[in-house]
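Asker: The following block contains a protein sequence and its predicted model.
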Amino acid sequence: MSDDRMSSATPMFPVVNSSFNSSLPPSFMDWEAPTFTAAARVRVAATMVLFVFAAFSNLSVLFSVARGRGRRLAAHLRPLIASLASADLVMTFVVMPLDAAWNVTVQWYAGDAMCKLLCFLKLFAMHSS
């Protein structure tokens with residue numbers, strides 16, 4: 001074999017922590033902590049704006065129906081509108097603050113049991129509405 005062929009040959013052993021080999025876990029030196037990015041700040045701000053709007057509008061609808069101001073509504077529509085407003089309030093007061101807090105903290109610090117409980121509450125709130 002000539003020297004040219006030996007120098008252009010691929011190495012016999014692959015590089016251990018190569019970013020191209022996805023079957024190996026990354027080394028600790030390659031790990032970067034998640035950060036609170038500008039996109040996360042925008043998501044938190046949008047969530048808070050929607051939270052205030054949803055809380056105000058759904059609470060006013062629920063109070064309006066509960067106080068009897070919705071007399072122009074048919075009697076069979078009042079419970080429907082009240083249940084929709086209350087389901088939206090569960091969504092507003094459970095899902096929106098959880099998503100905002102998760103975006104702010106970037107990581108989950110509350111443990112496995114709380115993660116499962118809050119994921120259940122999020123799914124319950126989403127399916128109830």
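Answerer: Received it, and whenever you're ready, just let me know what you need.

Asker: so the residue most central in space within the chain, which of the three states?
Answerer: Nearest to the geometric centre of the chain sits D99, at 4.6 Å (C-alpha atoms, centre = their mean). Classification of D99 by DSSP: H, G, I helix; E, B strand; the rest coil places it in helix.

Asker: So it sits against M48, correct?
Answerer: No. Counting by C-beta atoms under 8 Å, D99 does not reach M48; the two are 10.4 Å apart. Where you see a C-beta, it was placed from the backbone N, CA and C, and this is true even at glycine.

Asker: Can you show me the helices along this protein?
Answerer: 3-7, 38-66, 77-90, 96-105, 111-128 (DSSP state H).

Asker: Quick check: which ranges of this structure have low pLDDT?
Answerer: With pLDDT under 70 as the threshold, the chain has low-confidence stretches at 1-29, 31, 69-71.

Asker: Switch the helices of the chain over to CSV; also include distance to D30.
Answerer: Shown next, in CSV, are these (distance: least, C-beta to C-beta, whole Å):
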stretch, distance to D30
helix 3-7, 29
helix 38-66, 22
helix 77-90, 42
helix 96-105, 23
helix 111-128, 26
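
Asker: ok, and the closest non-adjacent residue to W102?
Answerer: W108 (6.9 Å; C-beta to C-beta, 6 or more residues apart in numbering).

Asker: Now do the phi/psi pair for the one you found.
Answerer: W108 has phi and psi values of phi -100, psi 120 when expressed as degrees, to the nearest 10.

Asker: distance of it from L118?
Answerer: With the distance defined as C-beta to C-beta, to the nearest Å, W108 ends up 9 Å from L118.

Asker: between those two, which one's more packed in?
Answerer: L118 (17 against 12; other C-beta atoms under 10 Å).

Asker: and that one, what is it in contact with?
Answerer: Counting by C-beta atoms under 8 Å, 6 or more residues apart in numbering, L118 makes contact with 98, 110.
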